[in-house]
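**Q** give me the fold of what follows.
(chains A, B, C and D)
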Number of protein chains: 2
Amino acid sequence: MGKPQEQRKKEIIQATLDLTADLGIKRVTTQAIADRVGIAQPTVFRHFKTRDDIFAAVIGWITENLSKAILSGVNPEDEADEQLRKLIQSQLAFINKHRAVPRVLFSDFLHLESPKLKSLLQELMNGYIKRVAQLLQQGKESGAFHKNLDVDQTARYIAALIQGLVLRWSVYEFNFSLEKEAKIIWKFLQPVLKAH
Amino acid sequence: MGKPQEQRKKEIIQATLDLTADLGIKRVTTQAIADRVGIAQPTVFRHFKTRDDIFAAVIGWITENLSKAILSGVNPEDEADEQLRKLIQSQLAFINKHRAVPRVLFSDFLHLESPKLKSLLQELMNGYIKRVAQLLQQGKESGAFHKNLDVDQTARYIAALIQGLVLRWSVYEFNFSLEKEAKIIWKFLQPVLKAH
DNA sequence: CCCAAAAGTGAGTAATCAATTGCTTATTAT
DNA sequence: ATAATAAGCAATTGATTACTCACTTTTGGG
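**A** The predicted model follows:
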């Protein structure tokens, strides 16, 4: 028993990620996935019951690896403001490397077609906002950020700022570097976090 | 000759807007549009050559009416900061009333499927950013905003902030009021515009 | 009132795709 | 080795949907 070709699942997820980056979700057909992996179209359904299940797995992959990227980019010894800076930087670096992320995140198709996928996305966003709010609270207590900061509100707006940035990046066909933008966004945030 | 039923075009655009708000672009079939207007499906193609043409007209409608809403909400006599506040407020009020807007703006389908529609969207965004940058420049000169403000950069980030906000609003199924958020977003922007 | 153009329709067509079926081949567990 | 299970495939199915066609009805200008 067991799973000798658990490998194939990973290959399918990876192929779907690659294709999504280039084509957008709608054009990623099970045939296209099969072609890229090098198997026949029906074989895809040996590994995933439905096409939606494939995208659920893709969102799972993004959630897992985005979390990893963020965690590994941050040193818990640092002050909260430095941690936040690095969090934003590693988040943008990750997205920069994986263009499928905005395609998945901004797909009205996914949002509306499948309640399951939608709630996965909402959880991903909630988790991110909660993490940022934690850091803001920590920095507020340590004095790195100003005393009257509304941590939840601010966390939501930092998330919005980044999502808007990533949206523009994807609408303009990835024609600027997100990593450079990390620095600018950080500068933009300074007066919000530190001012009175 | 002439256009006795120019009316029908408007009805089709309106039906498409309504349906898009509820269903998202993918599910807005020409059949669904016909049903809502109360005509047969082939009749739709008497007024628009292709489905894409319908959505091009919808983007045209949004562009036109968003501009109108923004212009009519702003008094050119006011100081630049007051004008900017009102611009953001009336923009969010408009989007609040027309849920199709985020569905159209955030549709990977539109972005990737039709270069024509994509460039219409880019123009819409460019026009908005340019307008904000103008106001920022004006306010910088009049002293309403601080001297070192990078107007282009800041305009892009204001746009990103709003787009991110609207994205969250649509992902969470419109379950909060955008107009209330206008006040909060304005408060959030204060230190950015006036500090230093 | 008339007739040409526009608006309308029912009945297709053609293309696209997710998913199924029935069968063969490879893998692994004992 | 071998039986059971998983992985593979060619062929097909069934559903969806933009768009066409051949024809009828409505409308408005002279």
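**Q** could you use CA atoms for every contact and neighbour count after this?
**A** Will do.
**Q** element containing residue A:11?
**A** helix A:6-23 (DSSP states H and E).
**Q** how about residue A:77?
**A** Residue A:77 belongs to no helix or strand when assigned by DSSP H and E.
**Q** residues of chain A that sit close to DNA strand C?
**A** Near DNA strand C, the residues belonging to chain A are A:1-2, A:4-5, A:27-31, A:41-42, A:45, A:49-52 when assessed by CA under 7 Å from any atom of the strand.
**Q** now, of the residues you listed, which are buried?
**A** Buried members of the residues of chain A next to DNA strand C, counted by 16 or more other CA atoms under 10 Å in any protein chain shown: A:28, A:30-31, A:41.
**Q** out of these, which comes closest to residue B:167?
**A** Nearest to residue B:167 out of those is residue A:28 (CA to CA; 23.1 Å).
**Q** report all helices and strands that the longest helix seen in chain A contacts.
**A** If you go by DSSP state H, chain A has its longest helix at helix A:115-142. Identification of packing neighbours for helix A:115-142 by 3 or more CA pairs under 8 Å, 6 or more residues apart in numbering or on different chains; DSSP states H and E yields helix A:51-73, helix A:80-97, helix A:108-113, helix A:151-171.
**Q** the ones you listed: lowest mean pLDDT?
**A** Note on these: helix A:108-113 shows the lowest mean pLDDT, a mean of 70.
**Q** quick one: residues contacting the residue nearest to residue A:167 when sequence neighbours are not counted.
**A** Distances taken as CA to CA, 6 or more residues apart in numbering or on different chains put residue A:102 closest to residue A:167, at 6.7 Å, once the chain neighbours are dropped. For residue A:102, the contacting residues are A:95, A:166-167, A:170, by CA atoms under 8 Å, 6 or more residues apart in numbering or on different chains.
**Q** go with 7 Å
**A** A:166-167, A:170 (CA atoms under 7 Å, 6 or more residues apart in numbering or on different chains).
**Q** need the pLDDT of it.
**A** Per-residue confidence (pLDDT) for residue A:102: 90.
**Q** separation between it and DNA strand D?
**A** Residue A:102 is 24 Å from DNA strand D, where distance means CA to the nearest atom of the strand, to the nearest Å.
**Q** what's the mean pLDDT across the helix or strand containing residue A:188?
**A** Here residue A:188 sits within helix A:178-194, counting by DSSP H and E. The pLDDT scores in helix A:178-194 average 93.
**Q** chain center to that helix, what's the gap?
**A** Computed by CA atoms, centre = their mean, to the nearest Å, the chain-centroid distance of helix A:178-194 equals 19 Å.
**Q** is chain B contacted by that helix?
**A** Yes: when contact is scored as CA under 7 Å from any CA of the partner chain, part of helix A:178-194 falls within range of chain B: A:188, A:191-192.
**Q** could I get those residues as TSV with distance to DNA strand D and neighbour count?
**A** Shown next, in TSV, are the residues of helix A:178-194 next to chain B (distance: CA to the nearest atom of the strand, whole Å; neighbours: other CA atoms under 10 Å in any protein chain shown):
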residue	distance to DNA strand D	neighbour count
A:188	43	19
A:191	48	21
A:192	45	21
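**Q** closest to DNA strand C among the residues you listed?
**A** Distance to DNA strand C, by CA to the nearest atom of the strand, is smallest for residue A:188 among the residues of helix A:178-194 next to chain B, at 41.3 Å.
**Q** now do the closest one against residue B:148, distance only.
**A** From residue A:188 across to residue B:148, the span is 12 Å (CA to CA, to the nearest Å).
**Q** could you flag which of the contacts of residue A:102 are buried?
**A** Among those, those buried by neighbour count (16+ other CA under 10 Å) are A:166-167, A:170.
**Q** residues of chain A that sit close to chain B?
**A** A:24, A:26, A:103, A:106-109, A:111-112, A:160-161, A:163-165, A:171, A:188, A:191-192, A:195.
**Q** please check those residues and keep the buried ones.
**A** A:24, A:103, A:106-109, A:111-112, A:160-161, A:163-165, A:171, A:188, A:191-192, A:195.
**Q** returning to what we had before: what is the nearest of the contacts of residue A:102 to residue B:10?
**A** Minimum distance to residue B:10 across the contacts of residue A:102 is 30.0 Å, recorded for residue A:167 (CA to CA).
**Q** for stretch A:168-179, measure first residue to last.
**A** 14 Å.
**Q** what are the buried residues along it?
**A** By 16+ other CA under 10 Å, the buried positions in stretch A:168-179 come out as A:168-171, A:178-179.
**Q** how distant is whichever strand or helix holds the residue nearest to residue A:167 from the center of its chain?
**A** Assessed by DSSP H and E, residue A:102 sits inside helix A:100-105. Here helix A:100-105 is found 8 Å from its chain centre; the criterion is CA atoms, centre = their mean.
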